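S.K.: predicted model follows, preceded by the sequence.
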Amino acid sequence: KAGVTQTPRYLIKTRGQQVTLSCSPISGHRSVSWYQQTPGQGLQFLFEYFSETQRNKGNFPGRFSGRQFSNSRSEMNVSTLELGDSALYLCASSLVGSGDEQFFGPGTRLTVL
Amino acid sequence: AQSVSQHNHHVILSEAASLELGCNYSYGGTVNLFWYVQYPGQHLQLLLKYFSGDPLVKGIKGFEAEFIKSKFSFNLRKPSVQWSDTAEYFCAVNEGGAAGNKLTFGGGTRVLVKP
């Protein structure tokens, strides 16, 4: 079974631009969660989508948004990029339900200059 | 808000030594507990999980963890480490219910095993 895939793997953007990251979950998984990983703040939850609905949201500004499609693929968007948005963005998928085991993708490394 | 603390930021030990990493969480209700590992250059992988039942859980690669509800702790152990256990280890908690699959992570512990 293929794992969670994320595209692109690396991105370089400048301040003020926007970016869209993509995540394809494991086949059959309906929940997709996004996390931001930085050296200073560690791993922080961004949001979770389940059956195309945002089920949970972390403490991030409205510049961070996401969506999920009917095939469970998910995208996250960051608008008006700031230097502090430089991070590894991880996507994780779960089969179903609450408190389920999550499978992580390799991440997208975003650098904002 | 839920918080997770990992007591050691860095651990250095020699092969064959025993490893114990501490993890404490703040939520007083029912929780699901996880340990994830991130090997150099690789993505996060699940080591083990606790949902209910026997508080001593066994995971992959010889790791185990003990859930002590009264201490809000979920410590990870391995009796004898190998060089290949060099990695960063993360404790994570999920509250279930309305929290969905949201994980709150500890700050991570970098483990270096010297050959």
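M.R.: Alright, I've got the coordinates.

S.K.: run through the strands of chain A in chain order.
M.R.: For chain A, strands defined by DSSP state E occupy the ranges A:5-7, A:10-13, A:19-24, A:31-38, A:42-50, A:53-57, A:64-68, A:74-78, A:87-94, A:103-104, A:108-112.

S.K.: the residue nearest the centre of chain A bridge partners, please.
M.R.: The centre of chain A sits closest to residue A:34, judged by CA atoms, centre = their mean, with a distance of 3.3 Å. With DSSP bridges as the criterion, residue A:34 is bridged to residue A:47, residue A:91.

S.K.: quick check, it in contact with residue A:43.
M.R.: No: if you go by CB atoms under 8 Å, residue A:34 and residue A:43 don't touch, sitting 11.0 Å apart. Where you see a C-beta, it was placed from the backbone N, CA and C, and this is true even at glycine.

S.K.: which neighbours do the two have in common?
M.R.: residue A:90 (CB atoms under 8 Å, 6 or more residues apart in numbering or on different chains).

S.K.: in contact with residue 108, which residues?
M.R.: The chain I'm using is chain A. The contact partners of residue A:108, by CB under 8 Å, 6+ apart, come to A:6, A:7, A:8, A:9, A:10, A:11, A:21, A:88, A:89.

S.K.: oops, wrong one, chain B.
M.R.: Going by CB under 8 Å, 6+ apart, residue B:108 touches A:42, A:43, B:6, B:9, B:38, B:88, B:89, B:90.

S.K.: switch the cut-off to 10 Å
M.R.: Contacts for residue B:108 (CB atoms under 10 Å, 6 or more residues apart in numbering or on different chains) come out as A:37, A:39, A:42-43, B:6, B:8-10, B:21, B:36, B:38, B:87-91.

S.K.: mind listing which of these are in helices?
M.R.: Using DSSP state H, no member of those sits in helices.

S.K.: and the residues you listed, which of them are buried?
M.R.: Burial by neighbour count, judged by 16 or more other CB atoms under 10 Å in any protein chain shown, picks out A:37, A:42, A:43, B:6, B:21, B:36, B:38, B:87, B:88, B:89, B:90, B:91 from those.

S.K.: so which of these is the closest to residue B:105?
M.R.: residue A:43 (4.0 Å; CB to CB).

S.K.: may I have stretch B:5-15 as PDB, with CA atoms only?
M.R.: C-alpha atoms of stretch B:5-15 as PDB (Å, rounded to 0.1, in the frame of the first residue of the first chain):
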ATOM      1  CA  SER B   5       6.200  17.600  28.200                       C
ATOM      2  CA  GLN B   6       9.300  15.600  27.400                       C
ATOM      3  CA  HIS B   7      11.900  16.000  30.100                       C
ATOM      4  CA  ASN B   8      15.000  15.500  28.100                       C
ATOM      5  CA  HIS B   9      15.900  17.400  25.000                       C
ATOM      6  CA  HIS B  10      19.100  15.500  24.200                       C
ATOM      7  CA  VAL B  11      20.300  12.100  25.300                       C
ATOM      8  CA  ILE B  12      23.600  10.600  24.500                       C
ATOM      9  CA  LEU B  13      24.400   7.000  25.300                       C
ATOM     10  CA  SER B  14      26.500   4.000  24.200                       C
ATOM     11  CA  GLU B  15      25.300   0.900  22.400                       C
END
